[in-house]
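>>> would you be able to build a 3D model of this:
(2 chains)
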Amino acid sequence: MAELHHHTLPLCPEAAASLQLGDMVTLDGPIVVTAGIPTHQRILDCIRDGHNPPIGLDNAAFFHLGSYSKAGDDGFDVLYMNPTTSTRFNAMMPEIIRHFRLRCVGGKGGLDADCAKALGEVGGVYLSFLGGGAPLISGAIRRIRQVAWDDLIAHYRLVAMEVERLGPLTVAIDARGNSLYDSLAERAAARRAEILAKLASAREKAAGS
Amino acid sequence: MTISDADISRLARDLYSWSLRKVPDDTKAALERARDLETSDTARRTLNMMLASARAAEEQDRFVCSDSGVPVYFVRIGTRARWDSNIKSAIREGFETLVETIDPPILKHVTNPLTLERGYAGKDMPIVTFDLVEDADYIDITCSPKALGSGRWAAMELFTFPTLETIESYILDVAIKAGSQHCPPVVMGVGIGGTFDYCAKMAKEATLRPIGSTSDEPILAAMEERLRDAVNATGFGPMGTGGDTTVLAVHVNYAAGHGFTPVAVCFNCWINRRTRARIYSDGTVERVE
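I've put the predicted structure just below:
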C-alpha cells in the first residue's frame, strides 16, 4: 500500500531515498517555483555564465507551479498557485537538476527519461501535484521570501516561498531514477494489442445485437 | 424588448468567471463514481483531492486552476430571438471587462503564436463560433476556456474510407500519446467525418456534452462505451500516476462527408470547464449549467 509521509525541506538525501513510487508526501519549508520557459532559459544562462541565479537553488525543491504574484506595500504577495505541465521543460531540466543537485522537482505530467536519469544521479525525486488544485495548493503558502525576475509576466517569475503542509504530492520519479510515467507508458503500450482485441470483440457483439 | 450589447457582454463575463470557480455537477458526480470504483490507493486519494479542490473552490470562491485558459465561446442564436447587439464585439467587451475586474486577477495566457508574447488580448480573441437554433427565442452561450494542459494533446488524422477498427485504433493511440499529461480523468471528444474544419468543431462540441449522455446514433452509443473502457484499460489513471480512471467519458459526434474521413480527438481536463446560459429576448438569463 502506498504510504503517506511528511517531510521538512530541504529534503535530506536519506528522506528522498526512502520515498517509493506512488507514495504521497506533504512538505514544510522553502520551495522555489516558476512556470516559465524563459525563466528556465535564464537559469541555464546563469549556469553557463558561472553566475548564481537571484534565488539559490542548491539542493532545492524546485517546482513547476504557476503563481499570481503581485507587488504590494510589504513586498510581493502570491494570490494563488497551481502546477503546470513539466514535460515542456524536459530539454532544460537535466542540466538544471545536475548543476544544483535538486532534491525535489515537481509539477504535473512528469518529466522524460533523461530527466529521470539526472534525478537518479543526484538522488532527487519528482513529485506530482494535483492539477486544478489551486485552492488546496495555495492554502499551503505561509510566506513569500523573494520574487526574482519580476520583469517577466507573473507566472514566469522565480518565486521563493515558505510552505506548510504542501500536498499531498505523489512520488512519481524516485531518487533512483525509476519513473512512474515511463512504466505506465510502457505498460499502456504493452496492453495496446489486448485492448484492440477487446475493442474488436465489442464491435462484433454490437454489430450482432 | 430585445437582447442588448450590455446583456451579451455581462453574460460573457459571468460565464467565464463561473467556469473558473465551479466544476460542473455531472463531473463531480462522475469523479465520485470513479473514486468509489478505483482499486488503487493513490488513484483514490487523488480523486478525493480533486473533489476537495472542487469543493474548496466553490466554498471559498477561488479558481480551481491557475491556468484560466484562453476565452472560447460557442454562441447558438435562436432564429426567433430578437436582438439589437453586435454580438461578437459584445463578447469581446465582456472578456475585457472580466480581465479588468475579476477577483482574483487572471494570468496572461493569450499568446501571440508568432512572437510567443503573452497578454490578455490577441488576434481573433475571444474565439467565438456561431450557430443557429431553429425556432428558439433565445441566444444560447457556452463558455469553455481552454488551457494548455489538456489543449495541447488534441489531434486529427484524415483517412480514406476507414473501417471502425481503423478509427478506434487511432483514437486509442491519441489517448496513449497524451498519456499522463492532460490532467486525467478527462472527457474525450471525438469527431468523425464532415470536413477538416467541421470535424474539429464536432470533436470540441462533443466534450461539452453532459457526462452520462449517450449518442442518438446506436453505432456511436456502443462505440462511446467501448472506447471509454479501452482508454481506461491503459491504466494512466488520475493525474497520470496510475489507476483505473483515465477518462470520465468518451463522446463521439459524426457527420456525413466524402470518402475522406477526418477523425478529430480532443480533451477536457478533469475540471471540465464549461458553463452555459440562455438569454431570452426579454433579457431574462437562464443558467443551464
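
>>> stretch B:276-289: end-to-end distance?
Criterion C-alpha to C-alpha, to the nearest Å; first-to-last residue distance in stretch B:276-289 is 5 Å.

>>> from A:Tyr68, how far out is A:Leu79?
4 Å (C-beta to C-beta, to the nearest Å). No exception for glycine: its C-beta is placed from N, CA and C like everyone else's.

>>> touching both of these two, which residues are there?
Both A:Leu79 and A:Tyr68 are in contact with B:Pro104, B:Pro105, where contact means C-beta atoms under 8 Å, 6 or more residues apart in numbering or on different chains.

>>> who's more crowded, the two?
A:Tyr68 (22 against 19; other C-beta atoms under 10 Å in any protein chain shown).

>>> what's that one sitting at in phi/psi?
Note on A:Tyr68: backbone dihedrals following degrees, to the nearest 10 are phi -100, psi 100.

>>> distance check, it against A:Val122.
From A:Tyr68 over to A:Val122 the distance is 31 Å, taken as C-beta to C-beta.

>>> B:Thr142 now?
Relative to A:Val122, B:Thr142 is positioned 47 Å away (criterion: C-beta to C-beta).

>>> so A:Leu65, which state does it fall into?
Put simply, A:Leu65 is strand when judged by DSSP: H, G, I helix; E, B strand; the rest coil.

>>> quick one: it and A:Met81 touch, right?
Yes: using C-beta atoms under 8 Å, A:Leu65 is in contact with A:Met81, at 4.8 Å.

>>> which neighbours do those two have in common?
Counting by C-beta under 8 Å, 6+ apart, the contacts common to A:Leu65 and A:Met81 are A:Val33, A:Ile137, B:Ser66.

>>> in chain A, which helix is the longest?
For chain A, the helix that runs over the most residues, judged by DSSP state H, is helix A:180-208.

>>> buried stuff in that helix?
Applying a neighbour-count criterion of 16 or more other C-beta atoms under 10 Å in any protein chain shown, one finds A:180-182, A:184-185, A:188, A:191-192, A:195, A:199, A:202-203, A:206 buried in helix A:180-208.

>>> got those as TSV, with distance to chain B columns?
Converted to TSV, those look like this (distance: C-beta to the nearest C-beta, whole Å):
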residue	distance to chain B
A:Leu180	6
A:Tyr181	5
A:Asp182	10
A:Leu184	6
A:Ala185	6
A:Ala188	4
A:Arg191	6
A:Arg192	7
A:Ile195	5
A:Leu199	5
A:Ala202	4
A:Arg203	6
A:Ala206	4
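
>>> tabulate the residues you listed (TSV), appending pLDDT.
TSV is the format used below for the buried residues of helix A:180-208 (pLDDT from 0 to 100):
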residue	pLDDT
A:Leu180	97
A:Tyr181	97
A:Asp182	97
A:Leu184	97
A:Ala185	97
A:Ala188	98
A:Arg191	98
A:Arg192	98
A:Ile195	98
A:Leu199	98
A:Ala202	97
A:Arg203	97
A:Ala206	92
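
>>> show me what the biggest strand by length in chain A packs onto, helices and strands only.
The strand that spans the most residues within chain A, counting by DSSP state E, is strand A:158-173. Helices and strands in packing contact with strand A:158-173 are listed as strand A:24-34, helix A:37-49, strand A:75-83, helix A:113-122, strand A:125-128, strand A:141-148, helix A:180-208, helix B:41-60; criterion 3 or more C-beta pairs under 8 Å, 6 or more residues apart in numbering or on different chains; DSSP states H and E.
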